[in-house]
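Engineer: coords please:
(one chain, ligands or ions: 1)
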Amino acid sequence: MAKRALHAQSGFPIDKGTGDSVMKELPGEILRDLYRAVFRIRRTEETLASLYPEQEMRTPTHFGIGQEAVAAGVCGALGDDDVVYSHHRCHNHYLARGGSLLGLVAELYGRIDGCANGRGGSVHLTSRETGFVVSSAILGQTIAAATGSALAFQLDKTPRVAVTFFGEATCEEGVFYESLNFAAVRRLPVLLVCENNLYSTESPLSVRQPAGTDLCERVRAFKVTAERVDGNDVVAVYGRTLAALDQLRAGEGPVFLECMTYRWREHVGPNFDHEAGRSYRDKAELDRWMDRCPVKRARALIVASGTGESEVLSWESAIEDEIQTAVAAAKGSPWPETRTLFDNIY
Ligand SMILES: Cc1ncc(C[n+]2csc(CCOP(=O)(O)OP(=O)(O)O)c2C)c(N)n1
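Structural biologist: Predicted structure coming up:
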């Protein structure tokens, strides 16, 4: 999706409601862009996952398949001047924020056309020109960096917002609470987007947090607005983000969105857990979440809104072509030269 404030273009009213209530007012072009974003992210990652066993991508990958609606919904609502920080599961956020497809694919192939010139790999993406500052594999690091950006925006008296995506296990890192407290005290314009997929690598929430833990409640203890959202409903995420941006730009302090979702593949790597012989979670649980597929749900909304099946298929086919073109270009891109090995090292 192109990086732009969809609501600003359409006059779409800020709505704090659920996906259903947002839908009543949602212009067709926004729904179309949200659907195309989730589909593009899904098919890009599925394509990368299918190519990964060729052993040409020499980078660990953390796929976000199943979690597309969070990235697409949040980034679809942002303005051009807002900035995004991500974590190890970052392909979704990079693409949703408008990062180039070739830049992503070539980065995974370690080639010069990669967004970090093939030096960063899957977890260290950047697209400064579209406002995707960086992703980092160190849990919580980019929460602190986004909080710093938000402080700069406040000092500059500009209505820009800093967004940081992270998983729920990152709320177990001290830096999360230090950043949250600082942001709360200073009323900083930072949007904290937690993708609660229930697992930290292979550990479920139940072995990490006391029974009955409610992350939003915990965050509210810092006097920070916190809301739980259906993270598989792109329209709901979009609507909640618009409401959050309204508060953030009004100088009313940080917002925490807990987006409930689920990753379909193993923590790191292209496989499904059960196929890889892992038993830390049930196949039945995965199946239940696959029934709530964010792409299928967004597609159903598009068709229900009156868009013809053939039109949807033509968007999908254009996106598939775009992905295949990016893969071919990435594979044909040169390696970085050995003499540049020590460039950009600090
Ligand atoms: C500071 C730090 N501690 C531990 C790790 C190892 N680690 C990498 S991913 C991960 C789990 C993260 O879970 P979560 O934040 O919920 O994100 P998810 O992988 O579920 O998307 C851990 C423990 C790390 N990268 N950084």
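Engineer: Bridge partners for the residue in the stretch 51-200 of the chain that the ligand sits nearest to, pull those for me.
Structural biologist: The ligand sits closest to Gly167 of the stretch 51-200 of the chain, with a gap of 2.1 Å, by C-beta to the nearest ligand atom. From N, CA and C alone the C-beta is placed, and that goes for glycine too. Applying DSSP bridges to Gly167 gives these bridge partners: Glu195.
Engineer: Report the separation between it and Tyr199.
Structural biologist: Distance, Gly167 to Tyr199, by C-beta to C-beta, to the nearest Å: 8 Å.
Engineer: neighbour count winner among the two?
Structural biologist: Neighbour count, other C-beta atoms under 10 Å: between Gly167 and Tyr199, Gly167 has more, with 23 against 19.
Engineer: how far away is Ile41 from Val295?
Structural biologist: For Ile41, the distance to Val295 - C-beta to C-beta - is 9 Å.
Engineer: Can you work out which residues contact both of those two?
Structural biologist: Shared contacts of Ile41 and Val295, defined by C-beta atoms under 8 Å, 6 or more residues apart in numbering, comprise Glu68.
Engineer: and stretch 87-95, how far from the chain's centre?
Structural biologist: 5 Å (C-alpha atoms, centre = their mean, to the nearest Å).
Engineer: So what touches that stretch?
Structural biologist: With C-beta under 8 Å, 6+ apart, stretch 87-95 has contacts from 37, 40-41, 44-45, 48, 61-64, 67-68, 70-72, 75, 84, 86, 101, 104, 115, 122-123, 125, 127, 132, 135-137, 139, 142, 165-167, 170, 195, 263.
Engineer: I figured Ala169 was touching Arg208, is that so?
Structural biologist: Yes: the pair Ala169 / Arg208 is scored as a contact, 6.9 Å apart, by C-beta atoms under 8 Å.
Engineer: Which residues are in contact with each of those two?
Structural biologist: Ser200.
Engineer: Comparing those two, which residue is more hemmed in?
Structural biologist: Ala169 (21 against 14).
Engineer: how near is the more buried one to Gln209?
Structural biologist: Counting by C-beta to C-beta, the gap from Ala169 to Gln209 is 9 Å.
Engineer: do Glu311 as well
Structural biologist: In terms of C-beta to C-beta, Glu311 sits 45 Å off from Gln209.
Engineer: between the two, who's got more neighbours?
Structural biologist: Shown here are Glu311 and Gln209; by other C-beta under 10 Å, Gln209 has more neighbours (16 against 12).
Engineer: in a strand, that's where that one is, yeah?
Structural biologist: No: counting by DSSP: H, G, I helix; E, B strand; the rest coil, Gln209 is located in no strand; its state is coil.
Engineer: What count of nearby residues applies to the nearest residue to it once chain neighbours are set aside?
Structural biologist: Nearest residue to Gln209, sequence neighbours excluded (C-beta to C-beta, 6 or more residues apart in numbering): Glu172, at 7.8 Å. Residues near Glu172, counting by other C-beta under 10 Å, number 14.
Engineer: Of Ile41 and Val295, give the one with the bigger neighbour count.
Structural biologist: Between Ile41 and Val295, counting by other C-beta under 10 Å, Ile41 is the more crowded of the two (27 against 21).
Engineer: Hmm, the more buried one is touching Glu68, no?
Structural biologist: Yes: judged on C-beta under 8 Å, Ile41 makes contact with Glu68 at a distance of 4.4 Å.
Engineer: Any idea how many residues pack against Thr225?
Structural biologist: Thr225 has 18 nearby residues by other C-beta under 10 Å.
Engineer: what pLDDT does the spatially closest residue to it that is not a sequence neighbour get?
Structural biologist: With sequence-adjacent residues excluded and distances taken as C-beta to C-beta, 6+ apart, Thr225 is closest to Val255, at 4.8 Å. Looking at Val255, its pLDDT is 98.
Engineer: Ile345 now?
Structural biologist: 85.
Engineer: Against which helices or strands is the helix or strand harbouring Arg218 packed?
Structural biologist: Take DSSP states H and E as the rule and Arg218 turns out to sit in helix 215-220. The contact analysis (3 or more C-beta pairs under 8 Å, 6 or more residues apart in numbering; DSSP states H and E) places helix 215-220 against strand 190-196, strand 225-230, strand 255-260.
Engineer: That concludes my questions; thank you for your assistance.
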